[in-house]
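**Student:** turn this into a structure:
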Amino acid sequence: MGEHIKVDEIKKFLEEKIQELKKEKEVLELILSLLESGMIGPHSPIKAEPRPGEKIVPLRSSDGTLLAEMYVGKTEMRIVPFTELSVDVPPFRQFFIARVLEGIKKKDLDRIERGQLDPSKAFDYEIIVDRKIIKEIRLKNIFDERRRMDIKSSIKWTLEKMFEKTKKKRSSLRS
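**Tutor:** Okay, the predicted model is just below:
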């Protein structure tokens, strides 16, 4: 009779262990699929937290992929990409930085020179990068809604084009 109890205990232990391993396998497969899709990686962004007074605006591609979150405050905006995107992938430098951000800076500098804008209220930006991967884009001194909307549509378009190019590059590397 004692032998029978031990066999039942061993059987129960093995069944529980198999269930644990099945759950672990599912989690590992999910992580692997996220790695392969480029959604996470060694330099993936860490989820940013909104600061007091900021509202979160998700930026999605036309197919619904979450590209980034935009944190909009009273006079500042932060954009945190959700996938690894290099500063070298067009049209980031050529369009978003050179034309959009530098264009806004130039307009504000012109307004300062004409005495229409206090220098402390001039638009400025900072791009946080780690090993060429964009971690965060910080925009300062954004006072009007029109400028916010222009930046939002420009960064959304830019990130979508970058994401498409990065996705194509990754899939051609796997082939």
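**Student:** just to be sure, residue 25 is in a strand?
**Tutor:** No - under the criterion used here (DSSP: H, G, I helix; E, B strand; the rest coil), residue 25 is helix, not part of a strand.
**Student:** tally up the residues packed near it, please.
**Tutor:** 10 (other C-beta atoms under 10 Å). Where C-beta positions appear, they are placed from N, C-alpha and C, glycine not excepted.
**Student:** where exactly do the strands run in this structure?
**Tutor:** Ranges of strands in the chain, per DSSP state E, are 55-60, 66-72, 76-81, 124-130, 133-140.
**Student:** and the chain, what are its domain boundaries?
**Tutor:** Listed by automatic domain parsing, the domain ranges of the chain are 1-37, 55-174.
**Student:** one step back: of all the strands of the chain, which one is nearest residue 14?
**Tutor:** The closest of the strands of the chain to residue 14 is strand 66-72. By C-beta to C-beta, the value is 41.0 Å.
**Student:** in the closest one, which residues are buried?
**Tutor:** Buried residues in strand 66-72, counted by 16 or more other C-beta atoms under 10 Å: 67-72.
**Student:** CSV please, covering the residues you listed and showing pLDDT and distance to residue 20.
**Tutor:** Shown next, in CSV, are the buried residues of strand 66-72 (pLDDT from 0 to 100; distance: C-beta to C-beta, whole Å):
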residue, pLDDT, distance to residue 20
67, 91, 36
68, 92, 36
69, 92, 34
70, 93, 40
71, 93, 39
72, 93, 44
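**Student:** relative to residue 49, how far out is the residue nearest to the spatial centre of the chain?
**Tutor:** In the chain, the centroid-proximal residue (C-alpha atoms, centre = their mean) is residue 81; its distance is 1.5 Å. Between residue 81 and residue 49 the computed distance is 16 Å (C-beta to C-beta, to the nearest Å).
**Student:** pLDDT-wise, which helix or strand of this structure ranks last?
**Tutor:** Lowest on mean pLDDT, DSSP states H and E among the helices and strands of the chain sits helix 2-37, with a mean of 78.
**Student:** would you mark the buried spots in that helix?
**Tutor:** Here helix 2-37 shows no buried residue, counting by 16+ other C-beta under 10 Å.
**Student:** please tell me how far it is from the chain's geometric centre.
**Tutor:** Taking the mean of its C-alpha atoms, helix 2-37 sits 34 Å from the chain's own mean (C-alpha atoms, centre = their mean, to the nearest Å).
**Student:** what pLDDT is listed against residue 41?
**Tutor:** Looking at residue 41, its pLDDT is 54.
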